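> 3D model of this:
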Amino acid sequence: MGNHTLVRTDHLDQSMATQIEGNINAVSTTQLQKLAPAGRSVTSVRNELERGESTLVSESPHTSLFIETEDGLELNSDHAITLAHEAVQVLVNRLIPAPVVD
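Numbers count the residues shown, from 1 in each chain. Have a look, this model is predicted:
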């Protein structure tokens, strides 16, 4: 699978949604070390991922967190999703618009 980039969640937009890695366990510690900003530990990066402050984006994620359907974006129901629930909620709230109620 493809190379990942560490992206702050507040810099994401809907066009990136299907590129968000949902299977954090598929990304090795070595890969995370390479992605960690200077002076930051892998533990710090993992904590940011778990809280939804940052996310991993790839042209070809192991398991995309979101899928595109004819109705728009949906959370992928694949059992390989290993992203923390808190992070998933942050990303859903950011990227999937709330339904309009008349």
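
> name the element Thr55 belongs to?
Per DSSP states H and E, Thr55 falls inside strand 54-58.

> from the contact counts, what lies against that strand?
For strand 54-58, the packing partners by 3 or more C-beta pairs under 8 Å, 6 or more residues apart in numbering; DSSP states H and E come out as strand 4-8, helix 42-51. Quick note: C-beta positions are derived from backbone N, CA and C, even for glycine.

> hey, C-alpha coordinates of the last one in PDB?
Included here for helix 42-51 are C-alpha records, laid out as PDB according to Å, rounded to 0.1, in the frame of the first residue of the first chain:
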ATOM      1  CA  VAL A  42       6.100   8.000  17.900                       C
ATOM      2  CA  THR A  43       4.000   7.800  21.100                       C
ATOM      3  CA  SER A  44       3.100  11.500  20.700                       C
ATOM      4  CA  VAL A  45       2.000  10.900  17.100                       C
ATOM      5  CA  ARG A  46       0.000   7.800  18.000                       C
ATOM      6  CA  ASN A  47      -1.700   9.800  20.800                       C
ATOM      7  CA  GLU A  48      -2.600  12.500  18.300                       C
ATOM      8  CA  LEU A  49      -4.000   9.900  15.900                       C
ATOM      9  CA  GLU A  50      -6.100   8.300  18.700                       C
ATOM     10  CA  ARG A  51      -7.600  11.700  19.700                       C
END
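
> quick one: distance of that helix to the chain centre.
From the chain centre to the centre of helix 42-51 is a distance of 12 Å (C-alpha atoms, centre = their mean, to the nearest Å).

> same question for stretch 22-40.
Distance of stretch 22-40 from its chain centroid, counting by C-alpha atoms, centre = their mean, is 13 Å.

> show me where this protein has helices.
29-35, 42-51, 85-95 (DSSP state H).

> show me what the second one is packed up against.
Put plainly, it is helix 42-51. By 3+ C-beta pairs under 8 Å, 6+ apart, helix 42-51 packs against helix 29-35, strand 54-58, helix 85-95.
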